[in-house]
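[1] Predicted model and sequence follow; I will ask about them next.
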Amino acid sequence: MAGVSLKCGDCGALLRTVEEAQEHAEFTSHSNFSESTEAVLNLVCTTCSKPCRSKTESDLHTKRTGHTEFVDRTSDTVKPISLEVPKVDTLENPSSTASTDQNEEMVVPEVDKKLLEELESMGFSTARATRALHYSGNAGLEAAVNWIVEHENDHDIDQMPLVPANTKIEASKPSLTPEELKAKQQELRERARKKKEEEEKRTEREKEKERIRIGKELLEAKRIEEENERKRLLALRKAEKEEEKRAREKIKQKLEEDKAERRRRLGLPPEEPSAAKSSAAPVVEEKKSFVPVRPATKAEQMRECLRSLKQNHKENEARVKKAFQTLLTYVGNVARNPDEEKFRKIRLSNQSFQDRVGSLKGGIEFLEICGFEKMDGGEFLFLPRDKVEMAILNTAGSELDSAIKNPFFGVL
């Protein structure tokens with residue numbers, strides 16, 4: 001049984017008697033003591049004779065040194081203590097204590113005025129600063145700020161403390177010079193600023209992590225949406241192809257029925273299935289061979305136009321070559337910049353155009369094959385944006401390039 005003890009509120013040390021508390025205060029300048037029901041033990045290490053006052057202290061000693069054997073000598077040194085600090089007035093007149101328990105006037109305790117002004121200049125209210133200085137024993141600015149930090153969640157932290165009127169608490173003189181006090185105040189402000197900056201950085205990191213997470217979720221949602229859209233388009237195209245196939249089958253069946261009806265009206269015998277298949281085969285083959293012919297027909301028109309231009313002006317090959325290069329420039333500009341109207345619009349009255357292309361038979365015809373149309377009464381050649389076909393422009397470029405590089409073009 002170790003009884004009650006005193007606990008230092010600054011460092012947490014357990015003290016057995018008031019005398020030990022006073023010695024501790026003189027040695028460390030700590031003045032914030034409170035009653036504690038935690039037992040003060042006297043565990044002595046059998047290896048190095050180190051005394052330990054609590055189980056926590058003995059565990060720390062074991063962790064540091066590896067010593068595990070302790071002897072409990074608490075009962076040998078127990079000495080009940082008085083929880084009240086001896087006062088001269090109380091000892092001289094012990095009967096006055098009972099008479100002052102009731103109807104005592106409560107007043108605001110006296111605190112160090114300079115420290116109070118310093119705390120108020122730091123932004124603390126008068127009540128909070130007074131309470132901090134009172135309960136920290138006017139030990140100093142740092143002790144008061146530490147008390148405020150530790151008790152900032154107390155419900156009565158902004159209430160002015162009250163003590164009996166006959167209680168005299170002498171405000172301890174600050175041990176710091178004005179310069180040291182100013183430096184300490186600056187240090188505390190700097191510490192508070194750094195703490196605030198660290199908190200802001202931590203908050204910003206959390207926000208950045210949240211932004212990254214939201215961004216990843218949005219990207220994933222967009223990817224899923226695009227994938228679903230792609231699947232929907234594929235399914236739509238497949239359905240359109242099937243619908244087109246069914247429509248062709250119906251048209252084919254209708255043609256067969258019309259053909260059979262015509263044969264019946266002419267008095268001809270019905271066509272045998274084998275003959276129908278043999279006659280239908282060339283039609284399909286003709287369709288297959290006809291589809292690729294369309295670009296070639298356009299190319300032949302361009303080639304014939306260029307051949308005619310060269311034959312009509314074969315006496316001046318340099319001029320013909322210059323016309324071919326000019327046409328290639330027009331076609332190349334449109335192919336590279338189909339959205340630029342200035343490349344799709346040519347003024348026919350432009351002297352440079354007339355000298356290079358316009359005055360030569362076949363030059364304007366070649367541009368019309370590429371899609372250019374006359375507009376504004378024949379003043380301009382214009383290629384509408386919706387009629388720009390890259391396949392035709394590429395074919396025109398190929399034909400012009402071949403005509404420029406082939407010395408025998410248009411001769412044979």
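    Looks like it came in fine.

[2] and residue 372, what does it touch?
    Taking Cβ atoms under 8 Å, 6 or more residues apart in numbering as the criterion, residue 372 is in contact with 344, 346, 381, 382, 383. In short, each C-beta sits where N, CA and C put it, glycine included.

[3] Please tell me how far the fourth one sits from residue 130.
    In this view, residue 382 and residue 130 are 89 Å apart by Cβ to Cβ, to the nearest Å.

[4] Looking at these two, which one has more neighbours?
    Between residue 382 and residue 130, counted using other Cβ atoms under 10 Å, residue 130 has the larger neighbour count: 23 against 16.

[5] so what's that one closest to, chain neighbours aside?
    Spatially, and ignoring its direct neighbours in sequence, residue 130 is nearest to residue 111 (5.6 Å; Cβ to Cβ, 6 or more residues apart in numbering).

[6] Could you count how many residues lie near the one you found?
    For residue 111, the neighbour count with other Cβ under 10 Å is 23.

[7] how about it, secondary structure?
    Residue 111 carries the three-state label coil when classified by DSSP: H, G, I helix; E, B strand; the rest coil.

[8] Can you name the residues in contact with the helix or strand harbouring residue 326?
    Using DSSP states H and E, residue 326 sits in helix 317-336. Taking contacts as Cβ under 8 Å, 6+ apart, the residues outside helix 317-336 that touch it are 306, 309-310, 313-314, 340, 343-344, 346, 353, 356-357, 360, 363, 366-367, 370, 383, 388, 390, 393-394, 396-397, 400-401, 403-404.

[9] Number of residues surrounding residue 125?
    Residue 125 has 13 neighbours, counted by other Cβ under 10 Å.

[10] any idea how far the residue sitting furthest away from the middle of the chain is from residue 257?
    When distances are taken from the C-alpha mean of the chain, residue 267 lies farthest, 82.9 Å away, according to Cα atoms, centre = their mean. The span separating residue 267 from residue 257 equals 18 Å under the rule Cβ to Cβ.

[11] now do residue 189
    Going from residue 189 to residue 257 by Cβ to Cβ gives 100 Å.

[12] Show me the contacts of helix 317-336 that map onto helices.
    Residues from these lying in helices, with DSSP state H as the criterion: 306, 309-310, 353, 363, 366-367, 390, 393-394, 396-397, 400-401, 403-404.

[13] now, which of those residues sits nearest residue 34?
    Using Cβ to Cβ, residue 390 is the member of the ones in helices among the contacts of helix 317-336 that lies nearest residue 34, at 89.4 Å.

[14] Tell me if I'm right that residue 382 and residue 345 touch.
    Yes. Under the criterion of Cβ atoms under 8 Å, residue 382 lies in contact with residue 345, with a separation of 5.1 Å.

[15] list residues touching both of these two?
    The contact sets of residue 382 and residue 345 do not overlap (Cβ under 8 Å, 6+ apart).

[16] show me the residues around residue 68 that make contact.
    Counting by Cβ under 8 Å, 6+ apart, residue 68 touches residue 62.

[17] Now do the helices in the stretch 151-300 of the chain.
    Using DSSP state H, counting those that start in this stretch, the helices of the stretch 151-300 of the chain run over 178-265, 273-290, 293-312.

[18] Show me what the longest one is packed up against.
    For helix 178-265, the packing partners by 3 or more Cβ pairs under 8 Å, 6 or more residues apart in numbering; DSSP states H and E come out as helix 113-121, helix 141-150.

[19] For residue 146, the count of nearby residues, please.
    By the criterion of other Cβ under 10 Å, residue 146 has 18 neighbours.

[20] what does the one 3 residues further on give?
    For residue 149, the tally of surrounding residues (other Cβ under 10 Å) stands at 11.

[21] re earlier: can you list the contacts of residue 372 in JSON lines and add pLDDT?
    As requested, the contacts of residue 372 are arranged in JSON lines below (pLDDT from 0 to 100):
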{"residue": "344", "pLDDT": "90"}
{"residue": "346", "pLDDT": "91"}
{"residue": "381", "pLDDT": "89"}
{"residue": "382", "pLDDT": "91"}
{"residue": "383", "pLDDT": "89"}
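
[22] Throw the residues you listed into a markdown table and include distance to residue 49, thanks.
    As requested, those are arranged in a markdown table below (distance: Cβ to Cβ, whole Å):
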| residue | distance to residue 49 |
| --- | --- |
| 344 | 104 |
| 346 | 110 |
| 381 | 112 |
| 382 | 109 |
| 383 | 106 |
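
[23] Residue 313 reaches residue 359, doesn't it?
    No. Using Cβ under 8 Å, residue 313 is not in contact with residue 359, being 9.7 Å away.

[24] Between the two, point out the one with more neighbours.
    Under the neighbour definition other Cβ under 10 Å, residue 313 and residue 359 were set side by side, and residue 313 has more, 17 against 13.

[25] what about the stretch 101-250 of the chain, any weak spots by pLDDT?
    101-104, 166-176 (pLDDT under 70).

[26] was I right about residue 11 contacting residue 27?
    No. Residue 11 is beyond contact range of residue 27, at 11.0 Å (criterion: Cβ under 8 Å).

[27] and the end-to-end length of stretch 57-71?
    Across stretch 57-71, the terminal residues are separated by 14 Å (Cα to Cα, to the nearest Å).
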